[in-house]
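Student: Sequence and predicted structure below; questions after.
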Amino acid sequence: MNPEDQSPVPSPCISLCKMSNDTGLCEGCLRTIDEIVAWSSADDAFKRQVWAAIRRREQDLPFDD
C-alpha cells in the first residue's frame, strides 16, 4: 500500500534532512520547508496533497546515465 493511501498518512521523512539550495526541497523527502513545518499539525487531506506533490517531484529528478 502506498503511504499516501494509509490512514493516518505517514511522514515521508527518511532522516536525510538537507535542504537543496538549487530546488528549495529537502534532498531526503522532497518536501519544501513550509510543507515540513506544517506536517505535524496538518490533516490527512493536506498530507495526501504533499505526497502527490512529492510523486510529481520524483518524476522530475535528474538521473545520471
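Tutor: Great, that's in hand.

Student: Export stretch 26-35 to PDB, keeping only CA atoms.
Tutor: Extracted C-alpha coordinates of stretch 26-35, given in PDB (Å, rounded to 0.1, in the frame of the first residue of the first chain):
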ATOM      1  CA  CYS A  26      14.700  18.500   1.200                       C
ATOM      2  CA  GLU A  27      17.100  16.100  -0.500                       C
ATOM      3  CA  GLY A  28      15.700  13.200   1.600                       C
ATOM      4  CA  CYS A  29      11.900  13.600   1.400                       C
ATOM      5  CA  LEU A  30      11.500  16.200  -1.400                       C
ATOM      6  CA  ARG A  31       9.300  18.500   0.700                       C
ATOM      7  CA  THR A  32       9.600  22.300   0.900                       C
ATOM      8  CA  ILE A  33      10.400  23.800   4.300                       C
ATOM      9  CA  ASP A  34       6.800  25.100   4.500                       C
ATOM     10  CA  GLU A  35       5.500  21.500   4.000                       C
END
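
Student: So for that stretch, mean pLDDT?
Tutor: The pLDDT scores in stretch 26-35 average 97.

Student: quick one: contacts of that stretch?
Tutor: The contact list for stretch 26-35 (C-beta atoms under 8 Å, 6 or more residues apart in numbering) reads 11-20, 24-25, 36, 39, 50, 53-54, 57-58. Backbone N, C-alpha and C define where each C-beta goes, glycine included.

Student: in this protein, which spans are helices?
Tutor: For the chain, the helices defined by DSSP state H occupy 33-39, 44-59.

Student: residue contacts, the nearest residue to N2 once chain neighbours are set aside?
Tutor: Excluding the flanking residues, the one nearest N2 by C-beta to C-beta, 6 or more residues apart in numbering is W51, at 7.9 Å. Taking C-beta under 8 Å, 6+ apart, we find W51 in contact with 2-4, 9, 12.
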